[in-house]
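**Q** Sharing a model that was predicted from the sequence below.
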Amino acid sequence: DDELQTDGNRSGHLQNGELGLAPSNEDVIRIIAAQLAEIGDQFDKEIQERVVNDLVQHFLNEKLSKEEITLHISRVVRELTRNIPSDMEQEKAMLVLAMVLTKKVLNTAPSLLYRVYNSALNYMNQQFHNYILEMVSAARL
C-alpha cells in the first residue's frame, strides 16, 4: 500500500535498505522524462530565435494543412539534428528537438496552443511512436 505524496510521487517503504517498489509505468515515464528534459535544456540554448520565428509564421499561416505543417516540423528537426553530437542517439535527439521546438513556439505565440500541440503530437506519433515504446520497455528492465 503506497502512499501518495503531495508532490505526486509515491512513497516507498525500505526493505533491507532498499526501496520496496518495483518501477511502475509512471516511475519509468518520470525517469525517461527527466533524461529527455536534461537533453532538452542543452538543445534549448542552441536553437536560434529565427528558427522559432519561422515555425511561428508557418503555424500562423492558416492556409497550410496539418500535413504541410508536420512536414515543415520534420524538415526543421532534421536540419537541427545536423548540429547534434555524433555520440547521441539520432531518434532521441530528434524527439527532444521536436519537444523543445514546440515549447519555444508556444512561449513565443501562446495563442497557437491548439494548432502547435496537435501538430507536434501528430509529428511525434508518426515519427517516434515505436521509439518511445522501446524506451519505456528498456527502462523497465
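**A** Now that the structure is in, tell me what you want to look at. Values in this document were obtained by computation on a predicted structure and should not be read as measured data. Numbers count the residues shown, from 1 in each chain.

**Q** what's the neighbour count on residue 123?
**A** Residue 123 has 23 neighbours, counted by other Cβ atoms under 10 Å. For glycine as for every other residue, the C-beta is placed from the backbone atoms N, C-alpha and C.

**Q** name the helices or strands packed onto the longest helix belonging to the chain?
**A** When the chain is parsed with DSSP state H, its longest helix is helix 113-140. Judged by 3 or more Cβ pairs under 8 Å, 6 or more residues apart in numbering; DSSP states H and E, helix 113-140 is in contact with helix 25-46, helix 49-60, helix 66-81, helix 90-108.

**Q** Just send those helices back as a markdown table, with mean neighbour count, distance to residue 136 and mean pLDDT too.
**A** Output for the helices and strands packed on helix 113-140, formatted as a markdown table (neighbours: other Cβ atoms under 10 Å; distance: least, Cβ to Cβ, whole Å; pLDDT from 0 to 100):
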| stretch | mean neighbour count | distance to residue 136 | mean pLDDT |
| --- | --- | --- | --- |
| helix 25-46 | 14 | 6 | 81 |
| helix 49-60 | 15 | 28 | 94 |
| helix 66-81 | 16 | 21 | 93 |
| helix 90-108 | 19 | 13 | 92 |
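
**Q** Turn the ones you listed into a markdown table, including distance to residue 119.
**A** Putting the helices and strands packed on helix 113-140 into a markdown table (distance: least, Cβ to Cβ, whole Å) gives the following:
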| stretch | distance to residue 119 |
| --- | --- |
| helix 25-46 | 18 |
| helix 49-60 | 7 |
| helix 66-81 | 5 |
| helix 90-108 | 8 |
